[in-house]
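*Asks:* give me a model of this one.
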Amino acid sequence: MDQKPPTAPAAARGRGGVGAAVDACLVAAAMAGASLLAWWALAFHPSNSELWMVPVGLVLACTPAVVYLTLSFSQPRANDDPRTSPPPLSSSTTVVVVVDK
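*Replies:* A predicted model of the protein is given here:
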């Protein structure tokens, strides 16, 4: 039977019901940020007061997109062959960089 790889919309779908919870939290945070920006634009923008709402709203609105993309790209692809990919760095791996002057 041919199985298709999981799609990206539920970024953490491989971890059971956690994927839906993560997606719901990301959507809720983005909506809260957009709502905060809209409230500031309607109520406080003419007087340029309550300016703290702008960066907070932008962080709330934009961070979920960054988190979603990060989770989407961190998922292993179906065609990755563990025999040909390099081994991951472990905590016991030491990287030494020597710089000559």
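*Asks:* what is the neighbour count of Glu50?
*Replies:* As a burial measure, Glu50 scores 12 neighbours (other CB atoms under 10 Å). Yep, even glycine has a C-beta here, placed from its N, CA and C like the rest.
*Asks:* next, the contact list for it, please.
*Replies:* Glu50 is in contact with 40, 43-44, counting by CB atoms under 8 Å, 6 or more residues apart in numbering.
*Asks:* output those as CSV; include the columns pLDDT, distance to Ala29 and secondary structure.
*Replies:* What follows is the contacts of Glu50, written out as CSV (pLDDT from 0 to 100; distance: CB to CB, whole Å; DSSP: H, G, I helix; E, B strand; the rest coil):
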residue, pLDDT, distance to Ala29, secondary structure
Trp40, 95, 17, helix
Ala43, 95, 21, helix
Phe44, 94, 21, coil
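*Asks:* can I get the buried ones among those as something I can paste into PyMOL?
*Replies:* Those of the contacts of Glu50 that count as buried under 16 or more other CB atoms under 10 Å are selected in PyMOL with:
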select buried, resi 40
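*Asks:* which single one of the contacts of Glu50 is nearest to Tyr68?
*Replies:* Trp40 (24.1 Å; CB to CB).
*Asks:* thought that closest one was touching Gly57?
*Replies:* Yes. If you go by CB atoms under 8 Å, Trp40 and Gly57 touch, sitting 6.4 Å apart.
*Asks:* tell me, what's touching those two both at once?
*Replies:* Contacts common to Trp40 and Gly57, judged by CB under 8 Å, 6+ apart, are absent.
*Asks:* show me what contacts Trp40?
*Replies:* 50, 53-54, 57.
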